[in-house]
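Q: just to be clear, the model below is a prediction. Sequence and coordinates:
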Amino acid sequence: MPIETTTEQASLAAKYAADAVSVALYTTVPGATAGTEVSGGSPAYARKTPTWSGTNPQTATVTFDVPAGTTVKGVGLYNSGGTYIDGGAVGGASGQLFSSQGQYQITLTYTQS
């Protein structure tokens, strides 16, 4: 039996979105700790600030510049203090290889149930 109402679930989803203020890409798959963050490129790779929308689920789409020779395998979320809070695998079992400079777009979704 769920102990949360739909309103409480939406409130928790909004709290998560408010806490997750930056997004990073990794060359390794994160777990309990962050992965190895992408670096370099021209234009240079940089963490992105998500613009969350919705109630429950919360969603945000971000686009990253990725340097040539990089395999993207994971994504992570950070709070305003720069502390890793969540992450997961992307790009399938072997990730996505960028043989030349390119862009990687990801849509993040958080659902409180």
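A: Perfect, I can see it now.

Q: which residues touch the residue lying closest to Ala44 once chain neighbours are set aside?
A: Using C-beta to C-beta, 6 or more residues apart in numbering and skipping residues adjacent in sequence, the residue nearest Ala44 is Asp65, 6.7 Å away. Placement of C-beta: from N, CA and C, glycine included. With contacts defined as C-beta atoms under 8 Å, 6 or more residues apart in numbering, the neighbours of Asp65 are Gly41, Pro43, Ala44, Tyr45, Ala46, Gln101, Gly102, Gln103.

Q: need the pLDDT of Lys102.
A: Careful, residue 102 is Gly and not Lys. The predicted local distance difference test score for Gly102 is 97.

Q: hang on, isn't it packed against Gly69?
A: No - taking contacts as C-beta atoms under 8 Å, Gly102 lies outside contact range of Gly69: 11.0 Å.

Q: the more surrounded of the two?
A: Taking neighbours as other C-beta atoms under 10 Å, Gly102 and Gly69 compare with Gly102 leading, 16 against 12.

Q: hey, what's the more buried one bridged with?
A: Gly102 forms beta bridges with Val66, as assigned by DSSP bridges.

Q: list the contacts of it.
A: Shown here is Gly102, whose contacts under the criterion C-beta under 8 Å, 6+ apart are Asp65, Val66, Ala68.

Q: next one: stretch 66-84 to chain centre, how far?
A: 7 Å (C-alpha atoms, centre = their mean, to the nearest Å).

Q: do the same with stretch 47-55
A: Between the mean C-alpha position of stretch 47-55 and that of its chain there is a distance of 10 Å (C-alpha atoms, centre = their mean).

Q: average pLDDT for that stretch?
A: Across stretch 47-55, the per-residue pLDDT values average to 93.

Q: pull out the buried positions in it.
A: Residues of stretch 47-55 classed as buried by neighbour count (16 or more other C-beta atoms under 10 Å): Arg47, Lys48, Pro50, Trp52.
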